Every structure is written in structure tokens, then in C-alpha cells.
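In: predicted model, plus sequence, below.
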Amino acid sequence: MNTQSDANAQRFPVSVKGVILVGAQVILLKNERDEWELPGGKLESGEDILECLAREICEELSVPARIGGLLDAWVYPIHAVEVVILTFYCHIGADVSPKVSHEHKEVGFFPIHQLDEIPLPDGYKKAIRDAYRKKQSDATQLAT
């Protein structure tokens, strides 16, 4: 049996991303590859995952966010690097207006039913749909 010690195991960068829904729309940012992506960023060594995501959302959208539960984890190959992506359901206040930072080209609000038309990695689409289903389920439970 061939076992590697943790010290010799392959390392992957980790990126934490937030699904922020506003009604039936999701907030996305256009990156330098001209792809739309969820707000968030790279986890630094020793940094708390949830604090990292809250900081990244504040930096990228100029709004505070409340971080909810984990939606999904997957590996995304970007060029020659495989990045572990953690997506969380996040909330912002109804009275805030996100603004694009210098890190991205554009901020957009996209209807959930148009996700397949957006150049967006499939892992993000899955997380967005999962968050929307959760939002609808939570609203149904509150109504009963």
C-alpha cells in the first residue's frame, strides 16, 4: 500500500465564493478571463474561511455580507492549476447597492432562469440553483 504523508500530499489553492440572491437574480462579477463568476477569492494561509469570504465580498462589492451555509465543493481547473472551490449561500441587506471594484470589469444581476445563457462555470451554476431552491424552500416553510 502506497501512502503519502500529509506533508508530501499534493496542495490545491482554495477559493471561497458567495452566492448572493436578490429576488430571483444572482450577483455575478466579470473577471479578467471575461467569464462571469461569484464574488469571493483565495483563502490565505491561517485565514478563517467565513471571515475570508465576508472580507472578499466587502472588497469586491463594497457591501457587508452575512455568510450562510456551505452549498458545494468542487475542483475547477484554471489554466494549469486545479483550484478547490467552496461555495456558500450569502445574504446582503436589501438597502445596499453593490459596486464593482478594481478587481473585476463589471458587476451584474442575472435572472436564475437565464443561467444557461451566461458564460459561467457549471459548478457555479449548480451552487446558484441550489441556493435558489433553498431560498424558495425557506420561503415556503415561513408561509406555512
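Out: Good, I have the coordinates.

In: pull out the buried residues from the longest strand along the chain.
Out: Ordering each strand of the chain by length in residues (DSSP state E) puts strand 66-78 first. Buried residues in strand 66-78, counted by 16 or more other Cβ atoms under 10 Å: 67, 71, 72, 76. (Each C-beta comes from the backbone N, C-alpha and C, glycine too.)

In: in contact with the second one, which residues?
Out: Residues counted as contacts of residue 71 (Cβ atoms under 8 Å, 6 or more residues apart in numbering) are 19, 87, 88, 89, 127, 130, 131, 134.

In: Throw those residues into TSV and include distance to residue 27, neighbour count and pLDDT, thanks.
Out: Below are these laid out as TSV (distance: Cβ to Cβ, whole Å; neighbours: other Cβ atoms under 10 Å; pLDDT from 0 to 100):
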residue	distance to residue 27	neighbour count	pLDDT
19	9	27	97
87	13	25	97
88	13	25	97
89	13	22	96
127	13	26	96
130	16	15	94
131	11	25	94
134	16	16	88
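
In: of those residues, closest to residue 104?
Out: For the contacts of residue 71, the residue nearest residue 104 by Cβ to Cβ is residue 19; the value is 16.4 Å.

In: so that closest one is in which element?
Out: Using DSSP states H and E, the element containing residue 19 is strand 14-22.

In: among the buried residues of strand 66-78, show me the least confident.
Out: Minimum pLDDT for those is recorded at residue 76 (92).

In: starting at the chain centroid, how far to the longest strand of the chain?
Out: 6 Å (Cα atoms, centre = their mean, to the nearest Å).

In: and for stretch 59-67?
Out: In terms of Cα atoms, centre = their mean, the centre of stretch 59-67 is found 12 Å from the chain centre.

In: which outside residues touch it?
Out: Residues contacting stretch 59-67 (Cβ under 8 Å, 6+ apart): 18, 20, 27, 29, 39-41, 50, 53-54, 57-58, 88, 90-93, 96-101, 103-104, 107.
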